[in-house]
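Student: Here is the input, now give the coordinates:
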Amino acid sequence: QVQVAESGGGLVQAGDSLRLSCTASGLDSSEYSMGWFRQAPGKERSFVAAIRWTGDNRVYGSSVKGRFTIDKYGAKNTVHLRMDNLKPEDTAVYYCGTVRSWGPWAEDASKYVHWGQGTQVTVSS
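Tutor: Residues are numbered from 1 along each chain as shown. Just a heads-up that it's a prediction; the model follows:
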């Protein structure tokens, strides 16, 4: 059974940095890539970033490109989201998930198979 767990959320000020981490236990990493989405109150879940299981392909949402970096390092099946120059509009619950293989569907939440419970990120102005 696959379990996904996020960590690293918190309250920061605008311009600060924060790192989120996500580990998917019980996952066959040769079949799944991993990604981050976020959901603000009253809004739909939106794509943030995803990384191919090989670690050599990354894709970012337009609102975070150039400020956020997704990477794989450390423990097996663990990805990290480095968030720099945070803005109040980045405030949301951030969810990590797994998606089969790699392709344009990595930006589509409906294609994700396993999800974590989410971690709150709040950016004050």
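
Student: for the most centrally placed residue in the chain, which residues make a bridge with it?
Tutor: The residue lying closest to the centre of the chain (C-alpha atoms, centre = their mean) is residue 36, at 2.1 Å. For residue 36, the beta-bridge partners are residue 49, residue 96 (DSSP bridges).

Student: any idea how far residue 68 is from it?
Tutor: Counting by C-beta to C-beta, to the nearest Å, the gap from residue 36 to residue 68 is 8 Å. C-beta coordinates here come from the backbone N, C-alpha and C atoms, glycine included.

Student: so the residue lying closest to residue 74 once chain neighbours are set aside bridges to which residues?
Tutor: The shortest distance from residue 74 to any residue other than its chain neighbours is 7.5 Å, reached at residue 80 (C-beta to C-beta, 6 or more residues apart in numbering). Counting by DSSP bridges, residue 80 forms beta bridges with residue 21, residue 71.

Student: one step back: if I read this right, the residue nearest to the centre of the chain contacts residue 19, doesn't it?
Tutor: No. Contact criterion C-beta atoms under 8 Å: residue 36 and residue 19 do not qualify, at 11.7 Å.

Student: who touches both of those two?
Tutor: Both residue 36 and residue 19 are in contact with residue 81, where contact means C-beta atoms under 8 Å, 6 or more residues apart in numbering.

Student: Distance from stretch 55-75 to the middle of the chain?
Tutor: From the chain centre to the centre of stretch 55-75 is a distance of 8 Å (C-alpha atoms, centre = their mean, to the nearest Å).

Student: hmm, back to that, which residues touch the residue nearest to the centre of the chain?
Tutor: With contact taken as C-beta under 8 Å, 6+ apart, residue 36 is in contact with 20, 22, 48-50, 70, 79, 81, 94-97.

Student: Same check on residue 98?
Tutor: By C-beta under 8 Å, 6+ apart, the contact list for residue 98 reads 2, 4, 24, 27, 32-35, 112-114.
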